[in-house]
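Peer 1: dropping the sequence and predicted coords here.
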Amino acid sequence: MQLEEAKLQFIQAWGKLGSEWGINRTMAQVHALLLITPGALTTEEIMETLAISRGNANMTLRDLMGWGLVEKQHRLGERKEYFFADKDTWNIARQVAKERRKRELDPVIKILDELSSKVEGDTNDPAYETFTKTVKDINKLAKNVDKSLETMIKAEENWFWGSILKIFK
């Protein structure tokens, strides 16, 4: 298989994987392209390679920068903007975990905390008991997941995987 064909397969696979994780397919494909490109690319190069519109490219690059996965750079004497992605997979995993935590887990924990402290009812009522127990248990699980993500985000890769492997021995 030639390099160009392999690159296209990788971009397609990363896009499919991203969409299965709830990330826009185009966003994942642009990220994949920047991951496998040694240098930075312009918006026009991204548009041409992936056959996407300028609006789609600009919106996708803005989203990727918002996730902290892509950075923009300017070159002296040029008006074009160049974009590049961190190639370190551990940094990528930590950044994705941090963003998903902020966007998904933190709001759930906030709601569960509010429900745990504000719901009133008859403690002898089975519906009240079931509701409060379920909310409490889910909240406990969510906070444990949050602590695990915090550990991952702060940890160095070797320490983290070494700790995980010790658990399974």
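Peer 2: Done, it's in.
Peer 1: I figured Asp122 hits Tyr128, correct?
Peer 2: Yes - using Cβ atoms under 8 Å, Asp122 is in contact with Tyr128, at 5.7 Å. (Each C-beta comes from the backbone N, C-alpha and C, glycine too.)
Peer 1: relative to Arg25, how far out is Ala32?
Peer 2: 10 Å (Cβ to Cβ, to the nearest Å).
Peer 1: hey, what's in contact with both of those two?
Peer 2: Taking Cβ atoms under 8 Å, 6 or more residues apart in numbering as the criterion, Ala32 and Arg25 both touch Gly15.
Peer 1: secondary structure element holding the most centrally placed residue in the chain?
Peer 2: When Cα atoms, centre = their mean is applied to the chain, the residue found nearest the centroid is Val96 (2.9 Å). In this structure, Val96 sits in helix 89-100 according to DSSP states H and E.
Peer 1: could you look up the SS state of the residue sitting furthest away from the middle of the chain?
Peer 2: Most distant from the centre of the chain: Asn124, at 42.9 Å, with distances by Cα atoms, centre = their mean. Classification of Asn124 by DSSP: H, G, I helix; E, B strand; the rest coil places it in coil.
Peer 1: next one: phi and psi at it?
Peer 2: phi -90, psi -10 (degrees, to the nearest 10).
Peer 1: what's the local residue count around the closest residue in space to Glu99 that isn't next to it in sequence?
Peer 2: Distances taken as Cβ to Cβ, 6 or more residues apart in numbering put Trp67 closest to Glu99, at 5.0 Å, once the chain neighbours are dropped. Trp67 sits with 18 neighbouring residues when counted by other Cβ atoms under 10 Å.
Peer 1: distance check, Trp67 against Arg94.
Peer 2: Taking Cβ to Cβ, one finds Trp67 at 12 Å from Arg94.
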